[in-house]
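> Any chance you can model this:
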Amino acid sequence: MPNPVLLNNLQHADLRVLTRPGADLGDAIMGVTTFPAEFRDVQACYPIVFRKTTDGLGFEPIALFGFQDGENLFLQGQRWDAPYIPLMHQRQPFLIGISGEELMVNVDLDHPRVSQSEGEAVFKPHGGTTEFLDQTNAMLFAIHQGLQATQGFLAALLEHELVESFALDVQLNDGSQHRLAGFYTINEDRLQALGGEAIARLHQAGYLQPIYLIIASLSNFRSLIDRKNASLHV
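Residues are numbered from 1 along each chain as shown. Below you'll find the model as predicted:
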């Protein structure tokens, strides 16, 4: 279970963070939440799909790394085989804390990336923040802004009924068949049927580009299948 606490330079003066990729450090995951502001970078590497939120009442966009729980086809030992790692994964073991209107930095002390002896230092010997922590703060702020903007984006998709469920049937080189189900994508037929006024509103709100980036990202399923086939020979 996560153990988030407010980060401070007194209790966590010796805190270090392991930044290398590794299954032992929490990288063996099927996917991670993303947001429209980073879709351009994400779609260059990963399929972007939607899944239901844990309360079942809404949706969230995610970048897919594999076809089943615990599978990350981009993880090659201690190397992440892609030029971009989504920010929601890069941020670990840090989390955003909110006190009133103020954003705080929390750290999950039970996360496997937390160390006292190796990795990137969080604080300088005399208490100042390191460049690593400054970069993390900027990352967390970008995530916060991105997640806030996601709410309006999803509301617009649902208003125009642009979210539909899909299933992907995959036959691998070894003859085994797999089905990816439980996810959602853009209903391209409904998108094409939208009137000029609706399209103009989506464009004005900045939502049209991320819609098309999601659609473009689906071509990455081909390379994901290739990675899955390659993993059968490892």
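
> CA atoms for contacts and neighbours, from now on please.
OK.

> which helix of this structure spans the most residues?
Secondary structure assigned by DSSP state H gives helix 131-159 as the longest helix of the chain.

> Name the strands paired with the very next helix or strand once past that helix and say parallel or antiparallel.
Sequence-wise, the next helix or strand downstream of helix 131-159 (DSSP states H and E) is strand 163-171. Here strand 163-171 is paired, per DSSP bridges, with strand 177-186 (antiparallel).

> ok now the longest helix of the chain, how far from the chain's centre?
Its chain's C-alpha centre and that of helix 131-159 lie 11 Å apart, by CA atoms, centre = their mean, to the nearest Å.

> by contact count, what packs against it?
Packing partners of helix 131-159 (3 or more CA pairs under 8 Å, 6 or more residues apart in numbering; DSSP states H and E): helix 87-90, strand 94-99.

> how far off helix 131-159 does the longest one point, in degrees?
What it means is strand 94-99. Following axes from the mean of the first three to the mean of the last three CA atoms, to 10 degrees, one obtains 70 degrees for the angle between strand 94-99 and helix 131-159.

> partner strands of the following helix or strand past strand 94-99, parallel or antiparallel?
Per DSSP H and E, strand 94-99 leads on to strand 102-108 as the next helix or strand towards the C-terminus. The strands that strand 102-108 pairs with in its sheet are strand 4-6 (antiparallel), strand 94-99 (antiparallel) (by DSSP bridges).

> now the ones you listed as a markdown table including mean neighbour count, distance to Leu73 and mean pLDDT?
Shown next, in a markdown table, are those (neighbours: other CA atoms under 10 Å; distance: least, CA to CA, whole Å; pLDDT from 0 to 100):
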| stretch | mean neighbour count | distance to Leu73 | mean pLDDT |
| --- | --- | --- | --- |
| strand 4-6 | 16 | 28 | 92 |
| strand 94-99 | 17 | 24 | 88 |
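
> mind checking how far Leu73 is from Tyr46?
Leu73 sits 11 Å away from Tyr46, going by CA to CA, to the nearest Å.

> the more surrounded of these two?
A count of neighbours by other CA atoms under 10 Å puts Tyr46 above the other of Leu73 and Tyr46, at 28 against 22.

> Can you show me the CA trace of the least confident helix or strand in the chain by mean pLDDT as PDB?
In the chain, the helix or strand scored least confidently by mean pLDDT, DSSP states H and E is strand 94-99, which has a mean of 88. Presented in PDB, the C-alpha positions along strand 94-99 are these (Å, rounded to 0.1, in the frame of the first residue of the first chain):
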ATOM      1  CA  PHE A  94       6.300  11.600  -5.800                       C
ATOM      2  CA  LEU A  95       2.600  12.600  -5.700                       C
ATOM      3  CA  ILE A  96       0.700  15.900  -5.700                       C
ATOM      4  CA  GLY A  97      -0.700  16.900  -2.400                       C
ATOM      5  CA  ILE A  98      -3.300  19.700  -2.100                       C
ATOM      6  CA  SER A  99      -3.700  21.900   1.100                       C
END
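
> what's the offset of it from the middle of its chain?
Per CA atoms, centre = their mean, the centroid offset for strand 94-99 relative to its chain is 17 Å.

> Also stretch 7-24?
Centre-to-centre, stretch 7-24 and its host chain are 21 Å apart (CA atoms, centre = their mean).

> which residues are in contact with both of Leu73 and Tyr46?
Phe65, Leu224 (CA atoms under 8 Å, 6 or more residues apart in numbering).
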